[in-house]
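Q: quick one, fold the following:
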Amino acid sequence: MEVKPRPMAPFDLQGLKTYDLASRPSKVFAEDLGKPLSAGASVNDLLDSLPKQLAGKNLRRLRDHLARAAAEGNPVAIALGGHVIKTGCAPYLIDWIHKGLARSVSMNGSAAIHDVELALEGKTSEDVGATLHAGQFGMARETADVFALAGRIGADEGIGLGAALGRVLQDLSCKHPKASLLLAAAQAEIPCTVHVALGTDIVHMHPHVSGAALGEASHIDFRILCTVVSGMAKGIWMNIGSAVIMPEVFLKAVSVVRNFGYDLDGMVTVNLDKESRYRSTVNVLNRPSSEGIELTGHHEIMLPLLHASLAGALEKCQPTLVESQAA
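A: Numbers count the residues shown, from 1 in each chain. Model prediction:
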């Protein structure tokens, strides 16, 4: 037996309770709107002209936090993944090292590999699709040689993998030394740590690269990173382009220093990446910090914009930054 739907009567809206628009709480105001720029505007004019909403507000908030850290001499720690190097953004971070803003650098294995290759030959990031079927992917000899030597030095001398890579690059005749974050950190004598996941990087395929040495050297770097994190109260931790390794390493370092009773109050954490991911959101922004800021966008646009917006503030704070770095 077919059941026909009963026609629904329109809802009677008479008697609906309303209120004055002026009395209603709202999220967007006329003063929040973006402001078109005229020719010759500065970078700070551009930032100040952005809508005071979402990423526009967060970008200004991050700029102001970094400027305040520079003025007060509070530490800024940079953690990054390989894509940051591949998109050509290392020079902005290197400049922050030179100016004393970045007081430590941490990276995963792929970032270190791209950094080493750029220093050695001025090029990196091979075409995987073109070489994988021929069995040639990841077979560059010099890259593996550097990591084989640095792993043993870092483990045997107890200095860690990041410092050892910097030392090895300093001893080589690199064609493009100014392109290297590892070298910049070594020359500035700031902590530089490399956190490897064995089996994930091309150098792990080479027989003369010791997994035991890399593991020991990278574990030393984890303990060095714990020392860095122990001094991050009122500082800024910037996770740039690492969705898994660096957020996990950071969370464990936070747990260690909290276990020893260190104060991390006032620490601001930042995640800059092409997309929002679980670990960087939860392990970087939500769990460890007093305040978390997320900016989602292309590294090759966001980092140059952020760097340019800070240029004036860093010039004014140069004496403070130099004193803080020396201390």
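Q: from here on, just use CA atoms for contacts and neighbour counts.
A: Fine.
Q: name the residues of stretch 269-283 that are buried.
A: Neighbour counts over stretch 269-283 (16 or more other C-alpha atoms under 10 Å) mark 269-274, 279-281, 283 as buried.
Q: my bad, should have said stretch 2-14
A: Buried residues in stretch 2-14 (16+ other C-alpha under 10 Å): none.
Q: that stretch - what's its average pLDDT?
A: In this model, stretch 2-14 has a mean pLDDT of 84.
Q: out of the buried residues of stretch 269-283, name the ones that lie in strands.
A: Among the buried residues of stretch 269-283, the ones falling in strands (DSSP state E) are 269-273.
Q: so can I have a markdown table of the buried residues of stretch 269-283 showing pLDDT?
A: Formatted as a markdown table, the buried residues of stretch 269-283 follow (pLDDT from 0 to 100):
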| residue | pLDDT |
| --- | --- |
| 269 | 96 |
| 270 | 95 |
| 271 | 93 |
| 272 | 94 |
| 273 | 90 |
| 274 | 88 |
| 279 | 87 |
| 280 | 84 |
| 281 | 88 |
| 283 | 84 |
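Q: and which of these is nearest residue 314?
A: residue 270 (19.1 Å; C-alpha to C-alpha).
Q: which one of the ones in strands among the buried residues of stretch 269-283 is nearest residue 239?
A: Once C-alpha to C-alpha is applied, the member of these that ends up nearest residue 239 is residue 271, at 4.8 Å.
Q: any idea how far the closest one lies from residue 34?
A: 24 Å (C-alpha to C-alpha, to the nearest Å).
Q: can you check residue 158 too?
A: 53 Å.
Q: and residue 28, which of the three is it?
A: coil (DSSP: H, G, I helix; E, B strand; the rest coil).
Q: same check on residue 292?
A: Following three-state DSSP, we place residue 292 in the strand state.
Q: that one and residue 266 touch, don't they?
A: No. Residue 292 is beyond contact range of residue 266, at 10.7 Å (criterion: C-alpha atoms under 8 Å).
Q: now do the strands in the stretch 151-300 of the chain.
A: Taking DSSP state E, counting those that start in this stretch as the criterion, the stretch 151-300 of the chain carries its strands at 192-195, 236-240, 268-273, 291-296.
Q: give me the contacts around stretch 47-63.
A: 28, 32-37, 293-296, 306, 309-310 (C-alpha atoms under 8 Å, 6 or more residues apart in numbering).
Q: typo on my end, stretch 269-284
A: For stretch 269-284, contacts defined as C-alpha under 8 Å, 6+ apart pick out 236-244, 247-248, 250-251, 285, 289-299.
Q: before we move on, what about stretch 162-172?
A: By C-alpha under 8 Å, 6+ apart, stretch 162-172 touches 116, 119-120, 146-147, 149-151, 153-154, 182-183, 185-186, 191-194, 218, 221.
Q: buried stuff in it?
A: Result for stretch 162-172 [16+ other C-alpha under 10 Å]: buried residues 162-169.
Q: report the mean confidence score over that stretch.
A: Stretch 162-172 comes out at a mean pLDDT of 97.
Q: quick one: distance of it to the chain centre.
A: Its chain's C-alpha centre and that of stretch 162-172 lie 22 Å apart, by C-alpha atoms, centre = their mean, to the nearest Å.
Q: swap in stretch 6-24?
A: How far stretch 6-24 lies from its chain's middle: 50 Å, per C-alpha atoms, centre = their mean.
Q: just to revisit the earlier point, export the ones in strands among the buried residues of stretch 269-283 as a markdown table, with columns for distance to residue 257.
A: Listed next are those as a markdown table, based on distance: C-alpha to C-alpha, whole Å:
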| residue | distance to residue 257 |
| --- | --- |
| 269 | 16 |
| 270 | 19 |
| 271 | 21 |
| 272 | 24 |
| 273 | 26 |
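Q: now the two most distant members of the residues you listed.
A: Across these (C-alpha to C-alpha), the longest gap, 13.3 Å, separates 269 and 273.
Q: now the helices for the stretch 201-327 of the chain?
A: In the stretch 201-327 of the chain, the segments counted as helices under DSSP state H, counting those that start in this stretch are 211-230, 245-259, 278-279, 299-316, 318-326.
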